[in-house]
Every structure is written in C-alpha cells, then in structure tokens.
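could you work out the structure for the sequence below:
(one chain, ligands or ions: 1)
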Amino acid sequence: MVQWLKINFSGALILTIAALGLWSCGAGSLPEEGTPDVALFRNKCTVCHSWPHPRRHNVREWNHYLKVMETHMKNRGVPFEPQEMETIRAYLHRNARKD
Ligand code: HEC
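Reported below is the predicted structural model:
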C-alpha cells in the first residue's frame, strides 16, 4: 500500500515537471531572442500562422517543412529569398529537437 502511494506520487511529480517544462519552452520566448536571426524568423514565419518553436521538430523534419513552406509562400506571393531561407534553416537547426 505504501509502495503504491510512493509510485503514484513520483508519477505525479514527473508529470508536473514535464508540464512545467513544456510550458516554459512554449510560452512566448524563443532561443537566441534578440538576435537578427530570430527577428528574421519571426518576420517571415508569422505571416500565415504563429511561429512554431524550433524544438518542435528535429533537423530532418525542419528540412521537410521548409520545403513545404517555400511552396506555400510562392503560392501566396510572400517573398522568401534563398539567403533568408538559409539563415532561418541554420537558426532552426541550431535549436532543433535532438533525436
Ligand atoms: C504563405 C503562408 C505561410 C508562411 C509564410 C509560412 N507558413 Fe508554415 N504553414 C502554412 C500552412 C498553410 C500550414 C499548414 C498546412 C501544411 O502543413 O502544409 C503551415 C504549417 C507549418 C508547419 C507544420 C505544422 C506545425 O505547426 O508543426 C510548420 C512547422 C511551419 N508551417 C513552419 C513554418 C516556418 C518555419 C515558416 C517560415 C520559414 C513558415 N511556416 C511560414 C503556411 C505558411
């Protein structure tokens, strides 16, 4: 009985910590805040939706999404220079989810 309570308690603790972790990386702040790279990312990637957090995807997924976004941007007439795409790609890769 005591054993069960213990397991249950640490389970709840782990969930709380996980929830806090998620909240703190999703709530309004981006890695490298204040740099020109973040400014460009915010500027280009919030035209159609709010900015996705870099840790949402790994490097491989970012390469995929950037290609998809390039097409969306072309279709919608949103300018996206190759130079800008490479800057954003490098920024996303530096801060991507590691797996
Ligand atoms: C021209 C409009 C447009 C712009 C600008 C745009 N996106 Fe998107 N994005 C979309 C649309 C539409 C979807 C949903 C459909 C899809 O996934 O193709 C989407 C979905 C996504 C998704 C997948 C869902 C998710 O939230 O994980 C990611 C990631 C994403 N965009 C990243 C970016 C990044 C990074 C940029 C800046 C380089 C960007 N987008 C700029 C239109 C745009």
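
how about the residues of this protein by the ligand?
44-45, 47-49, 52, 56, 65, 68-69, 72-73, 76, 78, 88 (Cβ under 6 Å from any ligand atom). Backbone N, C-alpha and C define where each C-beta goes, glycine included.

what's the closest non-adjacent residue to residue 72?
Of all residues not flanking residue 72 in the chain, residue 48 sits nearest, at 6.8 Å (Cβ to Cβ, 6 or more residues apart in numbering).

which pLDDT value goes with that neighbour?
With respect to pLDDT, residue 48 has a value of 97.

for residue 53, same thing?
The predicted local confidence for residue 53 is 97.

and what of the one 5 residues further on?
Listed pLDDT for residue 58 reads 98.

burial check on the closest residue to it other than its chain neighbours, number of neighbours?
Nearest non-adjacent residue to residue 58, counting by Cβ to Cβ, 6+ apart: residue 97, 4.7 Å away. Residue 97 is flanked by 13 other residues according to other Cβ atoms under 10 Å.

ok, residues contacting stretch 50-61?
Residues outside stretch 50-61 that contact it (Cβ atoms under 8 Å, 6 or more residues apart in numbering): 25-26, 30-31, 41-42, 45, 62, 65, 91-99.
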